[in-house]
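Q: Quick one: sequence and predicted model below, then my questions.
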Amino acid sequence: MDYRIVQTKEKKFIALVREFSNGIINDEANHDVADFWGECNSKQMLSPIHMLREDGKRDLYGLCSPTKEGKDTFEYGIGIIIDEDTKEFDQADLEKKGFRIWDVNPGTYVVFDCVGEDGDCIAKTWVKFYKEFLPQMGYEASEETDYELYYDGTRPDIFCELWIPIKKK
């Protein structure tokens, strides 16, 4: 199992965000999140933020909030990172179009390359995380945002990277 451990600083993203039922998390037959991606792509809903990054740096992120006790939904967002390579934008204008800022706290992440033709490789990586990585490595999952990183053509060898927040036991 190939992985790397990364210490991150605070990150900011701008994303379209939807709520999904916690019940879909372990349901391999459920395609609600994939359908959200499909809708965003077919309706070009990400166009307003896509152009805020130059060609070759238009990586997309699939952001997933941690589940919270007493709440039966979680949030999932599709967006871009806001950093020094992001063009200036009118936040209020983008919020009117359904986008919002998503802050991610600094932390420790384990990063896996998801290799495959479709999102099935993400589910398989999560299984490896829980069944192999956690029992063997002395970490536990942390209650922070996890995310997928879909590169803009710079990593054609992978489907995406999966960034999972962790902490020492």
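A: That came through, no problem.
Q: Which stretches in this protein count as strands?
A: For the chain, the strands defined by DSSP state E cover 4-8, 11-21, 60-64, 73-82, 99-104, 107-114, 139-141, 146-150, 160-168.
Q: Throw those into a markdown table and include distance to Glu39, thanks.
A: Glycine gets a C-beta too; all of them are placed from N, C-alpha and C. Shown next, in a markdown table, are the strands of the chain (distance: least, CB to CB, whole Å):
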| stretch | distance to Glu39 |
| --- | --- |
| strand 4-8 | 29 |
| strand 11-21 | 10 |
| strand 60-64 | 14 |
| strand 73-82 | 10 |
| strand 99-104 | 15 |
| strand 107-114 | 22 |
| strand 139-141 | 29 |
| strand 146-150 | 16 |
| strand 160-168 | 18 |
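Q: Ok, which of those comes nearest Arg53?
A: strand 73-82 (5.8 Å; CB to CB).
Q: Okay, angle between that closest one and strand 60-64 too, please.
A: Using axes from the mean of the first three to the mean of the last three CA atoms, to 10 degrees, one finds that strand 73-82 and strand 60-64 are set 150 degrees apart in direction.
Q: could you dump the strands of the chain to CSV with mean pLDDT?
A: Listed next are the strands of the chain as CSV, based on pLDDT from 0 to 100:
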stretch, mean pLDDT
strand 4-8, 97
strand 11-21, 97
strand 60-64, 98
strand 73-82, 97
strand 99-104, 98
strand 107-114, 97
strand 139-141, 95
strand 146-150, 97
strand 160-168, 97
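Q: any chance of the ones you listed in CSV, with distance to Pro48 and mean neighbour count too?
A: Output for the strands of the chain, formatted as CSV (distance: least, CB to CB, whole Å; neighbours: other CB atoms under 10 Å):
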stretch, distance to Pro48, mean neighbour count
strand 4-8, 26, 11
strand 11-21, 9, 18
strand 60-64, 13, 21
strand 73-82, 10, 20
strand 99-104, 7, 18
strand 107-114, 27, 19
strand 139-141, 33, 15
strand 146-150, 18, 20
strand 160-168, 22, 20
